[in-house]
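A.B. asks: let's see this in three dimensions:
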Amino acid sequence: MTTPPPDPAGAGRDAGDRTRRRDALLLAALPHVAFDGWGRATLAAAARDLGMKAADAERHFPGGAADLVAHFSDWADRRMTAALVEHELGGMRLRDRIALAVRTRTEALAAHREAVRRALSWLAMPLNALLGLRLLYRSVDAIWRAVGDRSVDFSFYTKRALLAGVLSSTVLYWLDDDSDGAAESWAFLDRRIADVMRIPRLTGRVRGAAARLPDPFRLMRGLRGGARRFRRA
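C.D. replies: Numbers count the residues shown, from 1 in each chain. Purely as a prediction, here's the structure:
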């Protein structure tokens, strides 16, 4: 009896079902984060709210707080990406697309501001800092891809590094913003987004300077050749 080949569609459905279950647990957990933090107590409370056993909930987040916080960030990224599909981005300036993406992602978190604050505090701990950097990179990468960036050259990393500063500073500003409709946060975002717009000029200057530098590989080959001649002398 031959074994049937794996069904990619079935695997995709299983992954989708798992993501939906994790999303449901996360959303049930968020109201408890303000009181219990990002830990097992919060996950157990979310399981109770959903009529689920705590052990089943932990199987969805075996890494505990780290898995929960990472999924929270991923959930916000996905909400942002899905929302941007509804906009006609093609006719917008790049700076407006970026501002819209950052604002859309931040607004997706509006009902969970205290959970965001607790997540940032948790990620600021030395043992969690690496995860924080990884999640920040994923978010800025998701933003650039969502607004249509397809760069693969030097600017790929420059854009993400600059946007990381824009996103993180905007979220920190937003957390303490009590203005109507967070208007002050979006004004702050517009001011910071100007930094991102300097990228083409910055990369042009860097490429120009790099072109005037000696080729390091040619220098290394010359040094190796000189060393061989010195040994033979």
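A.B. asks: contacts, neighbours, all on C-alpha from now
C.D. replies: Noted.
A.B. asks: ok, which stretches of the protein are helices?
C.D. replies: 8-36, 40-49, 54-60, 65-84, 94-107, 113-123, 129-146, 154-175, 183-196, 199-212, 216-232 (DSSP state H).
A.B. asks: let me have the ones you listed in CSV, extended by mean pLDDT and mean neighbour count.
C.D. replies: Below are the helices of the chain laid out as CSV (pLDDT from 0 to 100; neighbours: other Cα atoms under 10 Å):
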stretch, mean pLDDT, mean neighbour count
helix 8-36, 85, 16
helix 40-49, 95, 20
helix 54-60, 93, 15
helix 65-84, 97, 19
helix 94-107, 95, 20
helix 113-123, 97, 19
helix 129-146, 96, 18
helix 154-175, 92, 18
helix 183-196, 91, 17
helix 199-212, 49, 12
helix 216-232, 48, 10
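A.B. asks: domain-wise, how is this protein divided?
C.D. replies: 18-62, 65-209 (automatic domain parsing).
A.B. asks: measure the shortest one end to end?
C.D. replies: Looking back up the chat, that one is domain 18-62. 13 Å (Cα to Cα, to the nearest Å).
A.B. asks: now it: how far from the chain's centre is it?
C.D. replies: 22 Å (Cα atoms, centre = their mean, to the nearest Å).
A.B. asks: the longest one now?
C.D. replies: A distance of 7 Å separates the C-alpha centroid of domain 65-209 from that of its chain, computed with Cα atoms, centre = their mean.
A.B. asks: renumber starting at 351 from here on
C.D. replies: Done: numbering now begins at 351, and the last item shifts to domain 415-559.
A.B. asks: how about the residue most central in space within the chain: what's its closest non-neighbour residue?
C.D. replies: The chain has Ser489 as the residue nearest its centroid, 1.6 Å off, counting by Cα atoms, centre = their mean. In space, and not counting its chain neighbours, Ser489 is closest to Asp427: 6.0 Å by Cα to Cα, 6 or more residues apart in numbering.
A.B. asks: perfect, I'm done here.
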